[in-house]
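Q: Just to be clear, the model below is a prediction. Sequence and coordinates:
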Amino acid sequence: MKKKIVVIEDNHDILELLGFILENEDYEVLASLDAEPIKSLEEINPHLILLDENLGADKGHRLCLEIKANPGTSHLPVILISAVKDLAEIAKKCNADNYIAKPFLIEDLLNLVKQYHRRTN
């Protein structure tokens with residue numbers, strides 16, 4: 001069974017690239033340009049969430065706090081992705097499980113994703 005990853009990223013090119021990379025590694029990817037999948041996380045039941053910090057009107061850290069505060073989704077690992085300054089501090093404050101700063105190396109992203117893949121096997 002493929003591991004399912006929700007990717008929420010407001011930059012279409014980055015979203016497309018992340019989807020391609022992850023699908024090439026045999027993950028099932030639900031990619032979205034907005035926060036809509038957050039409403040359905042309990043039904044989607046992903047193994048991992050990759051969440052951009054800057055989503056236009058939404059902020060990834062606020063969405064992460066929402067995910068972690070919900071007993072039905074609090075167990076889901078969330079990795080914040082962004083080029084914002086102080087990403088490590090933002091990730092810590094919102095209880096994200098990890099973060100990766102843009103620009104990132106594909107190898108670094110995949111290594112991070114695989115850490116969570118192994119945890120949920």
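A: Received, thanks.
Q: roughly how far out does stretch 51-63 sit from the chain middle?
A: 11 Å (C-alpha atoms, centre = their mean, to the nearest Å).
Q: pull the CA atoms of that stretch into CSV?
A: Output of stretch 51-63 as CSV, limited to C-alpha atoms (Å, rounded to 0.1, in the frame of the first residue of the first chain):
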residue,chain,number,x,y,z
LEU,A,51,2.6,22.5,4.4
ASP,A,52,3.8,25.8,2.9
GLU,A,53,4.0,28.6,5.5
ASN,A,54,2.8,31.3,3.0
LEU,A,55,-0.5,30.3,1.5
GLY,A,56,-1.9,33.7,0.6
ALA,A,57,-4.6,34.4,3.2
ASP,A,58,-3.7,31.4,5.2
LYS,A,59,-0.5,30.7,7.1
GLY,A,60,0.9,27.3,7.4
HIS,A,61,1.7,27.7,11.1
ARG,A,62,-2.0,28.5,11.9
LEU,A,63,-3.1,25.5,9.9
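Q: Ile44: neighbour count?
A: The number of residues packed near Ile44 is 15, by other C-beta atoms under 10 Å. (Glycine included, C-beta is placed from N, CA and C.)
Q: now swap in the one 4 residues further on and tell me
A: For Leu48, the neighbour count with other C-beta under 10 Å is 25.
Q: what about it, distance to Gly56?
A: According to C-beta to C-beta, to the nearest Å, Leu48 and Gly56 sit 23 Å apart.
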